[in-house]
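Asker: Model the following, please.
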Amino acid sequence: MSNVKALLVGVSNYLIDSAKDLPFCKNDIVAMKSALCNGLKMNEEDIIICGKSGYVTRKEFIKALDHIEKLIKNNDIFIFYFSGHGALLCGAHYLVFSDGIINTQEIIKYFEKVICKSKIIFLDCCYSGNYHINKKVEMCIEDAVEDFFGRGYAVFASSKSSEFSYPHPNESISLFTSFLCEALQSKFLIKEGKISLYDIQNLVFLYSEIWNKQNPTMQQHPIFRAN
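Answerer: So this is what the prediction gives:
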């Protein structure tokens with residue numbers, strides 16, 4: 001089985017006047033770490049976390065990227081997860097850090113160039129479906145995560161480009177992350193110790209569909225694209 005490395009970023013506290021603090025985001029990264037360890041059997045030392053204090057500056061994020069890129073080997077799978085504010089500016093999507101913004105498409109482009117087996121990107125923020133992917137590489141998302149081979153990548157966003165992403169009303173984490181963590185650890189999806197992106201995607205979509213029917217004023221529709 002190939003090694004899996006992960007960078008989990010949760011931005012709860014902001015130094016920007018227009019950005020409201022999001023207390024649940026630092027809980028999201030704790031929940032994701034637990035789900036990756038329990039569902040994908042990842043080693044804790046292979047997971048880098050940014051945001052335990054609630055703050056993640058752009059400099060800290062770039063430093064974390066540089067650090068994990070040095071750890072990633074050719075046969076590894078890289079998982080990136082972000083929870084925090086998302087913003088639209090002049091038609092482009094941005095991830096909002098404690099002290100400023102970084103263009104989401106530029107981050108995806110950066111991950112495209114990382115040399116490893118494959119990349120999986122999870123974006124839990126408002127308007128996160130506003131991204132595109134390079135279609136040059138083909139891959140099969142029905143393969144188990146550890147067999148997800150090649151230079152391909154997948155991006156799973158929490159909402160459409162025009163939608164908010166909501167906190168879970170009954171839990172101390174976000175709605176999308178709660179669905180994602182449930183799917184990653186589902187005993188019904190894990191077969192022979194493996195789980196596929198296809199199954200994860202379908203179960204998150206199912207959870208979202210049920211939620212949207214029960215909560216018509218707080219709808220969000222996750223977006224999944226892979227090359």
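Asker: quick one, strands of the chain?
Answerer: Ranges of strands within the chain are 4-10, 47-50, 77-83, 86-89, 92-97, 100-103, 118-124, 153-157, 223-226, based on DSSP state E.
Asker: what packs against the first one?
Answerer: Helices and strands touching strand 4-10, by 3 or more C-beta pairs under 8 Å, 6 or more residues apart in numbering; DSSP states H and E, are helix 25-39, strand 47-50, helix 58-71, strand 77-83. In this view, the C-beta of every residue, glycine as well, is placed from N, C-alpha and C.
Asker: What of the second one?
Answerer: Under the contact definition 3+ C-beta pairs under 8 Å, 6+ apart, strand 47-50 sits against strand 4-10, helix 25-39, helix 58-71.
Asker: for these, which one ends up most surrounded?
Answerer: strand 4-10 (a mean of 23; mean count of other C-beta atoms under 10 Å).
Asker: Other residues contacting that one?
Answerer: Residues outside strand 4-10 that contact it (C-beta atoms under 8 Å, 6 or more residues apart in numbering): 25-29, 32-33, 36, 40, 42, 46-51, 54, 56, 61, 64-65, 68, 71-72, 76-84, 116, 145-146.
Asker: In CSV: the strands of the chain, plus mean pLDDT and distance to N134.
Answerer: What follows is these, written out as CSV (pLDDT from 0 to 100; distance: least, C-beta to C-beta, whole Å):
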stretch, mean pLDDT, distance to N134
strand 4-10, 97, 21
strand 47-50, 97, 25
strand 77-83, 96, 16
strand 86-89, 97, 21
strand 92-97, 98, 16
strand 100-103, 98, 16
strand 118-124, 95, 12
strand 153-157, 95, 8
strand 223-226, 94, 10
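Asker: export those strands to CSV and tack on distance to F176?
Answerer: Converted to CSV, those look like this (distance: least, C-beta to C-beta, whole Å):
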stretch, distance to F176
strand 4-10, 13
strand 47-50, 18
strand 77-83, 9
strand 86-89, 12
strand 92-97, 15
strand 100-103, 20
strand 118-124, 5
strand 153-157, 9
strand 223-226, 11
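Asker: what about those, which gets the closest to P169?
Answerer: strand 118-124 (15.9 Å; C-beta to C-beta).
Asker: what's next to that closest one, contact-wise?
Answerer: Residues outside strand 118-124 that contact it (C-beta under 8 Å, 6+ apart) are 28, 32, 77-84, 86, 95, 104, 108, 111-112, 131, 139, 145, 148-158, 165, 174, 176-177, 180, 197.
Asker: nearest to N215, of the strands of the chain?
Answerer: Nearest of these (C-beta to C-beta): strand 118-124, 17.3 Å.
Asker: got the angle for the closest one vs strand 4-10?
Answerer: Counting by axes from the mean of the first three to the mean of the last three C-alpha atoms, to 10 degrees, strand 118-124 lies at 20 degrees to strand 4-10.
Asker: how far does strand 118-124 sit from the chain's center?
Answerer: Centre-to-centre, strand 118-124 and its host chain are 5 Å apart (C-alpha atoms, centre = their mean, to the nearest Å).
Asker: can I get the CA coordinates of it in CSV?
Answerer: Taking C-alpha atoms only, strand 118-124 is exported to CSV below (Å, rounded to 0.1, in the frame of the first residue of the first chain):
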residue,chain,number,x,y,z
SER,A,118,-1.9,11.5,-7.0
LYS,A,119,-3.6,14.3,-5.1
ILE,A,120,-6.9,14.7,-3.4
ILE,A,121,-8.1,18.2,-2.4
PHE,A,122,-11.0,18.9,-0.1
LEU,A,123,-12.3,22.5,0.2
ASP,A,124,-14.8,23.3,2.9
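Asker: Many thanks, we can stop here.
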